[in-house]
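Colleague: quick one: sequence and predicted model below, then my questions.
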Amino acid sequence: MPTNKPILICVVGPTAIGKTTLAIAIAKAFSTEIISADSRQFYKEMTVGTAVPSTSELAEIKHHFIQNKSIFTNYSVGDFEKEALALLDQLFVKHPIVVMVGGSGLYVDAVVKGLDVFPDVNPKIREQLNFELESSGIEVLQKELKEVDPAYFEKTDIHNPRRVIRALEIFRSSKKPYTSFLRKEENQRNFDPLYIGLTAEREQIYDRINRRVDIMIANGLIEEAKSLFSDKELNALQTVGYRELFQHFEGNLSKEQAVEEIKKNSRRFAKRQGTWFRKNNSINWFDTADSFSEILSFIKQKTP
RNA sequence: GGAAAUAUUGAGCAAUUGGUUGGCUCACCAGACUGUAAAUCUGGCCUCUUAGGAGCUUGUAGGUUCGAAUCCUUCUAUUUCCA
């Protein structure tokens, strides 16, 4: 299905696999720019723990959506989708190919496949739902969902408060069931995606993670986390690498224990990333040991 | 050399002190997930399985008993104490 649309090269894969470096190599080869689809690298207050590209890397290639938000701003996938599409429209004027890198599967999908349009929800409604969850338990919310949107009740994981609350907040603010907003057809995009997946043997991924965490600690992750400790309740800070250190600051974990927990939770995160990307069979997988030239020639062969 | 204690799945612990089909936590594995997503949640975890079950099991080898993780003996291993 060759088209004359521009191409968005999507570099995906688990954390610490080497996506940043690969993306830069690709962007250089095609003299283009990079947009990030990483749900934590948006935040300018978080540098060490999110492994954003280094200043020299950022100087080499123009990156977008890196540290362009504050942790105090509420920012959602929906916002990201809109901003990313608007930016891509501009970038594709100058470049036939643009690179997107990201480990956040939902965010990548939002750009490439699109989200459905949901009504805006007053934050008070979610607060109220969270309050009801805590005071009455999830059963009450499940019951409401069953009455209000039986289709979604059947389909979703009703044990997952996030899913239940999202569906209910949509209903309460629009008086229409969540499922009534779900798409009937694929969103149209004015570009074609070309997925490049980067992976490795499980053991190697874990090894890379462990080493990266040690480097983060050496680079001052503890100090960074300490400076954010007073804002630890913010959503942006519900993040591997920070939460564990907050536990340490509160005296619940020793420094060594916190570091071990960071490694463990990073491994689990990588595992979940793998689960997400595995179901996307458009991804062309490469091993992180493969040479960039091999990957580049693959891309060239796939692009006009 | 002597005495005592202990031995349950990868790890750590349970199992009304003989009552039947071995449970929990952690780790690990697998999965779900359309605006909290580095979040949140679900399942599995002795073996085999046609997924309904089937078989094996509490260090080892025996014994007592209708019945043993539980009581007795052998051996092995570990720990502690005395020499």
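Modeller: Perfect, thanks for sending it. Numbering: from 1, shown residues only, chains lettered A, B, ... in the order given.
Colleague: look at A:Met1 and report its pLDDT.
Modeller: pLDDT, A:Met1: 51.
Colleague: correction: A:Thr199
Modeller: At A:Thr199, pLDDT is 97.
Colleague: my read: it touches A:Ala270, true?
Modeller: No - using C-beta atoms under 8 Å, A:Thr199 is not in contact with A:Ala270; the gap is 9.8 Å. For every residue, glycine as well, the C-beta is placed using N, CA and C.
Colleague: how close does A:Lys124 sit to RNA strand B?
Modeller: 13 Å (C-beta to the nearest atom of the strand, to the nearest Å).
Colleague: the helix or strand hosting that residue packs against which elements?
Modeller: Using DSSP states H and E, A:Lys124 maps to helix A:123-136. Applying 3 or more C-beta pairs under 8 Å, 6 or more residues apart in numbering; DSSP states H and E, we find helix A:123-136 packed against helix A:138-148, helix A:161-174.
Colleague: how far out from the middle of the chain is the helix or strand harbouring A:Ile217?
Modeller: According to DSSP H and E, A:Ile217 maps onto helix A:202-218. Put simply, helix A:202-218 sits 19 Å off its chain's centre (C-alpha atoms, centre = their mean, to the nearest Å).
Colleague: any bit of it sitting next to RNA strand B?
Modeller: Yes - Helix A:202-218 lies within reach of RNA strand B by C-beta under 7 Å from any atom of the strand, at A:Arg202.
Colleague: repeat that for stretch A:254-271.
Modeller: Yes - counting by C-beta under 7 Å from any atom of the strand, contacts between stretch A:254-271 and RNA strand B involve A:264-265, A:267-269, A:271.
Colleague: list buried residues within these.
Modeller: A:264-265, A:267, A:269 (16 or more other C-beta atoms under 10 Å).
Colleague: follow-up on the earlier one: which residues sit against the helix holding A:Lys124?
Modeller: By C-beta atoms under 8 Å, 6 or more residues apart in numbering, the residues outside helix A:123-136 that reach it are A:74, A:140-141, A:161, A:165, A:168-169, A:172-173.
Colleague: mark which of those are buried, thanks.
Modeller: Here, 16+ other C-beta under 10 Å leaves A:141, A:161, A:165, A:168-169, A:172-173 buried among those.
Colleague: quick check: the two most widely separated of those?
Modeller: A:Pro161 and A:Ser173 (17.9 Å; C-beta to C-beta).
Colleague: one step back: I'd like the contacts of helix A:123-136 laid out as a markdown table, including pLDDT and distance to RNA strand B.
Modeller: Converted to a markdown table, the contacts of helix A:123-136 look like this (pLDDT from 0 to 100; distance: C-beta to the nearest atom of the strand, whole Å):
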| residue | pLDDT | distance to RNA strand B |
| --- | --- | --- |
| A:Asn74 | 94 | 8 |
| A:Val140 | 97 | 15 |
| A:Leu141 | 98 | 11 |
| A:Pro161 | 97 | 5 |
| A:Ile165 | 98 | 5 |
| A:Leu168 | 98 | 10 |
| A:Glu169 | 98 | 8 |
| A:Arg172 | 98 | 13 |
| A:Ser173 | 97 | 11 |
